[in-house]
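Engineer: Sequence first, predicted coordinates after that:
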Amino acid sequence: MIGSETRQSLPLAAMIGAGALMGFCLLVVWVGRSESLGLTQLPPAGTVSSVAFRVADQPDGSIAMRDAGSDRLLLTIHPGEDNFMRATMRGLAQARQRAGLGRETPFTLTRYDNGTLSLDDDATGRKIPLEAFGRPNALAFARLLPGENGVTP
């Protein structure tokens, strides 16, 4: 007929089948997640070494990194050197400043038994897995740890 609408609808069986398929998929995902099926989990890594340190800007533009406990100088970063370390520490310091936090809480650098390094800011709760930025950048921070490249405990 002219002027009448042509209605197309899905057969009822197809709609029931699609709903059953979606329900089955949700059930499989729920069971998989609750039973940890198909998930790869690494065992928790143990701490090998760790250092808590504070960072202070110097009048000449350098950055002094000092042991939080003994105030011993661990490393000095001069202007134009170690740009990754400089930028990372500046970003963490700015996050503290935005949150209204001071410099009292030290940063913590940790080496784990699986070879990874983590830089933690307990003041803000931020944790940075340094390998995410490449091995050379992680090794730049590793110099702060006791026994690494001339730093003695």
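Structural biologist: That came in fine, so what should we check first? Numbers count the residues shown, from 1 in each chain.
Engineer: quick one: the helices in this structure?
Structural biologist: 12-35, 83-98, 135-142 (DSSP state H).
Engineer: A56 is nearest to which of these?
Structural biologist: Each of the helices of the chain has some distance to A56 by Cβ to Cβ; the shortest is helix 83-98, at 10.1 Å. Just so you know, the C-beta spots here come from the backbone N, C-alpha and C atoms, and that holds for glycine as well.
Engineer: Check which helices and strands that closest one is in contact with.
Structural biologist: Packing partners of helix 83-98 (3 or more Cβ pairs under 8 Å, 6 or more residues apart in numbering; DSSP states H and E): strand 63-67, strand 117-121, strand 126-129, helix 135-142.
Engineer: want to throw those into a markdown table with mean pLDDT?
Structural biologist: Listed next are these as a markdown table, based on pLDDT from 0 to 100:
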| stretch | mean pLDDT |
| --- | --- |
| strand 63-67 | 93 |
| strand 117-121 | 94 |
| strand 126-129 | 93 |
| helix 135-142 | 92 |
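Engineer: so which of those comes closest to Q97?
Structural biologist: That would be, of those and by Cβ to Cβ, strand 117-121, which comes in at 12.1 Å.
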